[in-house]
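>>> Got a predicted structure plus its sequence, pasted below:
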Amino acid sequence: MMWKRINQEQITRPEMFDFHGVNMVHYYTDNWENIQKFQAKPDDILIASYPKSGNTWMSYILDLLCFGISSESQQSLPLSSKVPTLEITIPVTKSVQNALGAVGSGLTLTGVQHANMVSTSPRLIKTHLPVQFIPKTFWEQNCKIVYVARNPKDNLVSSFHFDQMILLHPVPKDWRSYFHRFLQGKMVFGSWYDHVSNWWNKKETYSNLHYVFYEDMVKDTRLEIDKLCSFLNLPHSSEEKDRITAKVHFDEMKENPFTNLSRFPGFDRTKSTFMRKGKVGDWKNYFTVAQNEEFDEDYKKKMENSTLRFYSEL
Ligand code: PPS
């Protein structure tokens, strides 16, 4: 729906730059003042993650949990229309800009405008921002936040494929150099290590944060749905939770045009596919033995003081 009106010709591969100590691209910083001034509502649910950690999967689960499996919007609206990405700014066609009342100077649609157009209650809002960049309104309103984290090896492999297809990110060079970029934290949205650790530490001071692991979702989706229902105080029947578990299976989401982003114009689909594999342990098909050793050694150093534990195989 929304994506049809994006002006693909104006999407050009950006450069990465240092933004307050985090590597970013302009598509996620152009609207910075308005992002920081964003007004959250107390019942907003923020779905946060490092890129390629299962945010879309979590968004769909929450959409079904909050609005029901047979709601009208399930038959008519793509997930990406219902769950705005807070920090994004993308070029849109003139008719969309006119319809928005010519907000802003360029022909763009921002995640903030999009979020303000969402009329559901609660609103589900997606972000990949590191915790220190989250607009203060979310903390002030004590919004519920779900953070999804994925083991770094699969995260790296998924990002490598994604960056080849997404026009909003710089083109990755070869696998070898991309591998080292990840270790150095030279990724869009910054270092994986900082992202997952800083969000993890936030749990100590902010109780409305539910931290979920992608690997747990793969291992036992139903159990994670139970935990989400408790966190969100959603009284679903066991049967409804079973139905939702089936509906959010990778194979279902891959075939579902409302969840597989098959219409998003910011992708070069000759390079990869959005619903790629959805597996734990795919990294073994890419890491050499030497790379795995280098990765593990570096990981130990970076994460030695963290209580975070990841599983890179099931
Ligand atoms: S994005 O573009 O940063 O928002 O990507 P994100 O949605 O966070 O993560 C994409 C990866 O999640 C996988 N995925 C799933 N895995 C298992 N089950 C389900 N239902 C599911 N839905 C999405 C998706 O395939 C990407 O991982 P890879 O490893 O590339 O397949």
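Structure received.
>>> In contact with the closest residue to Q184 other than its chain neighbours, which residues are there?
Nearest residue to Q184 in three dimensions, chain neighbours excluded: S191, at 8.0 Å (C-beta to C-beta, 6 or more residues apart in numbering). Quick note: C-beta positions are derived from backbone N, CA and C, even for glycine. Counting by C-beta atoms under 8 Å, 6 or more residues apart in numbering, S191 touches V22, Q184, G185.
>>> Out of those residues, the closest to the ligand would be?
Nearest to the ligand, judged by C-beta to the nearest ligand atom, of the contacts of S191 is V22 at 15.8 Å.
>>> so that closest one bridges to which residues?
V22 forms beta bridges with F19, as assigned by DSSP bridges.
>>> wait, it sits on G190?
Yes - the pair V22 / G190 is scored as a contact, 3.8 Å apart, by C-beta atoms under 8 Å.
>>> Who has more neighbours out of the two?
Comparing V22 with G190 by neighbour count (other C-beta atoms under 10 Å), the higher total belongs to G190, at 24 against 21.
>>> The stretch 101-250 of the chain against the ligand: which residues are in contact?
Proximity of the stretch 101-250 of the chain to the ligand, by C-beta under 6 Å from any ligand atom, involves residues D154, S158, H161, V218, V248, F250.
>>> quick one, what contacts the last one?
Taking C-beta under 8 Å, 6+ apart as the definition of contact, the neighbours of F250 are M275, G278.
>>> Now with 10 Å, please.
W57, V218, T221, M275, R276, K277, G278, K279 (C-beta atoms under 10 Å, 6 or more residues apart in numbering).
>>> for it, phi and psi?
With angles defined as degrees, to the nearest 10, F250 sits at phi -50, psi -50.
>>> where's it relative to H26, distance?
32 Å (C-beta to C-beta, to the nearest Å).
>>> One more: the second one?
S158 is 23 Å from H26, where distance means C-beta to C-beta.
>>> and the two? which has more neighbours close in?
S158 (23 against 15).
>>> who touches the residue lying closest to the more buried one once chain neighbours are set aside in this structure?
Leaving aside its sequence neighbours, S158 sits nearest to K52 (C-beta to C-beta, 6+ apart; 4.0 Å). By C-beta under 10 Å, 6+ apart, K52 lies in contact with 128, 150, 154-163, 187, 192, 214, 276.
>>> roughly how far apart are K52 and C66?
Counting by C-beta to C-beta, the gap from K52 to C66 is 24 Å.
>>> One more: K300?
40 Å.
>>> now, the most widely separated pair of the residues of the stretch 101-250 of the chain next to the ligand?
Largest separation among those by C-beta to C-beta: H161 and V248, giving 21.3 Å.
>>> what sits against the residue nearest the centre of the chain?
Central residue of the chain (C-alpha atoms, centre = their mean): N55, 3.8 Å from the mean position. With contact taken as C-beta under 10 Å, 6+ apart, N55 is in contact with 47-49, 83, 85, 126-128, 146-148, 150, 214.
>>> Please apply the same query to S230.
Here S230 is in contact with H210 (C-beta under 10 Å, 6+ apart).
>>> just checking, next helix/strand downstream of the helix or strand where it lies?
When elements are assigned from DSSP states H and E, S230 belongs to helix 221-232. Using DSSP H and E, the helix or strand that follows helix 221-232 in sequence is helix 238-247.
>>> quick one: average pLDDT of that following helix?
Here helix 238-247 scores 97 as its mean pLDDT.
>>> what do you get for stretch 11-18?
Summarised as a single mean, pLDDT over stretch 11-18 is 94.
>>> Equivalent analysis for stretch 70-83, please.
The pLDDT scores in stretch 70-83 average 85.
>>> And it, end to end?
18 Å (C-alpha to C-alpha, to the nearest Å).
>>> Please enumerate the helices of the stretch 1-150 of the chain.
Using DSSP state H, counting those that start in this stretch, the helices found in the stretch 1-150 of the chain span residues 32-36, 55-67, 72-76, 79-82, 94-99, 111-117, 136-140.
>>> got it, and the stretch 201-314 of the chain?
Counting by DSSP H, counting those that start in this stretch, the helices of the stretch 201-314 of the chain are 214-219, 221-232, 238-247, 250-255, 289-303.
>>> Go through the longest one and flag the buried ones.
Neighbour-count burial for helix 289-303, with 16 or more other C-beta atoms under 10 Å as criterion, is recorded at Q291, F295, Y299, K302, M303.
>>> Does anything pack onto it? Which helices or strands?
Judged by 3 or more C-beta pairs under 10 Å, 6 or more residues apart in numbering; DSSP states H and E, helix 289-303 is in contact with helix 152-165, helix 175-184, helix 192-202.
>>> how about a cut-off of 6 Å?
Here helix 289-303 touches no other helix or strand, going by 3 or more C-beta pairs under 6 Å, 6 or more residues apart in numbering; DSSP states H and E.
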